[in-house]
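> My questions are about this predicted structure, shown below with the sequence.
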Amino acid sequence: MDHSQMDHSGMDMSAHKCNMNMLFTWSTQDLCIVFRWWHISGTPTLIISLLAIVALGAAYEALRSVSRRYETFVNKRQDDLPNGPVTERTPFLWSGRNQVEVSKRAHVIKASLYAAQTFYAFMLMLLFMTYNGWVMIAVTIGAFVGYLVFGNSTSATKDGSCH
């Protein structure tokens, strides 16, 4: 049957197949990284993607550093605030707020930072679970670079098993 006269204008002929491996591989043929649109089509896209993954891994460590610094900042500020109701004669650093009010607001911000870290960690885990050796190495290098740059005030041992 001859299909040369058929109208293919409504069909997306550029669609690519995503290869999902459940075993370790070095192959990048039809590799999609987490999303269908993040498709490796050759060496240039592989290199750009690996550099982006290194940057994502480093940025995760930056987020962890920001969270630690915020927590330290809040703890110092709360120690300087009064416990009871604020009066005009009460010396305090944050105008019109007592320790309980600051603590509630800080806890919401810390919870938001924690949620962002957890989401980010699981996204990095999904990158690692492509089971592609190149992607795994990029995630690991990103963690190394991030810790090197942002982890100077933290222990090298991790608290959480996944995040």
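Sure, I can see it.

> How far does stretch 25-40 stretch from one end to the other?
Its start and end residues considered, stretch 25-40 measures 14 Å (CA to CA, to the nearest Å).

> Now do the same contact list for Asp30.
For Asp30, the residues meeting the contact criterion (CB atoms under 8 Å, 6 or more residues apart in numbering) are 16-19, 39-40. For the C-beta atoms, the positions are set from N, CA and C on the backbone; glycine is no exception.

> Likewise for Val34?
Applying CB under 8 Å, 6+ apart, we find Val34 in contact with 123, 126-127, 130.

> where's the most centrally placed residue in the chain, which helix or strand?
Nearest to the mean C-alpha position of the chain, by CA atoms, centre = their mean, lies Tyr120 at 2.9 Å. Under the criterion DSSP states H and E, the helix or strand holding Tyr120 is helix 99-128.

> right, and the helix or strand after that helix?
Taking DSSP H and E as the definition, the helix or strand that follows helix 99-128 towards the C-terminus is helix 133-150.

> Check which residues of stretch 41-49 are buried.
Burial within stretch 41-49, assessed by neighbour count using 16 or more other CB atoms under 10 Å, is assigned to 46, 49.

> just for this structure, where's the confidence low?
Along the chain, the model assigns pLDDT under 70 to residues 1-15, 80-100, 102, 158-163.

> picking that back up, for the contacts of Asp30, pick the one with the most neighbours.
Ile40 (25 neighbours; other CB atoms under 10 Å).

> OK, contacts around the closest residue in space to it that isn't next to it in sequence?
The spatial neighbour of Ile40 that comes closest, neighbours along the chain excluded (CB to CB, 6 or more residues apart in numbering), is Leu31 at 4.2 Å. With contact taken as CB under 8 Å, 6+ apart, Leu31 is in contact with 18-19, 39-40, 46, 130, 132.

> The same query, at a cut-off of 10 Å, please.
18-21, 25, 38-41, 45-46, 49, 130, 132, 134-135 (CB atoms under 10 Å, 6 or more residues apart in numbering).

> One more: Thr25?
The neighbours of Thr25, taking CB under 10 Å, 6+ apart as the test, are 19, 31, 130-134.

> just the buried members of the residues you listed?
So, by 16+ other CB under 10 Å, the buried ones in the contacts of Thr25 are 19, 31, 130, 132, 134.

> packing partners for the longest helix anywhere in the chain?
Within the chain, and with DSSP state H defining each element, the longest helix by residue count is helix 43-80. The contact analysis (3 or more CB pairs under 10 Å, 6 or more residues apart in numbering; DSSP states H and E) places helix 43-80 against helix 99-128, helix 133-150.

> Noted, bye for now.
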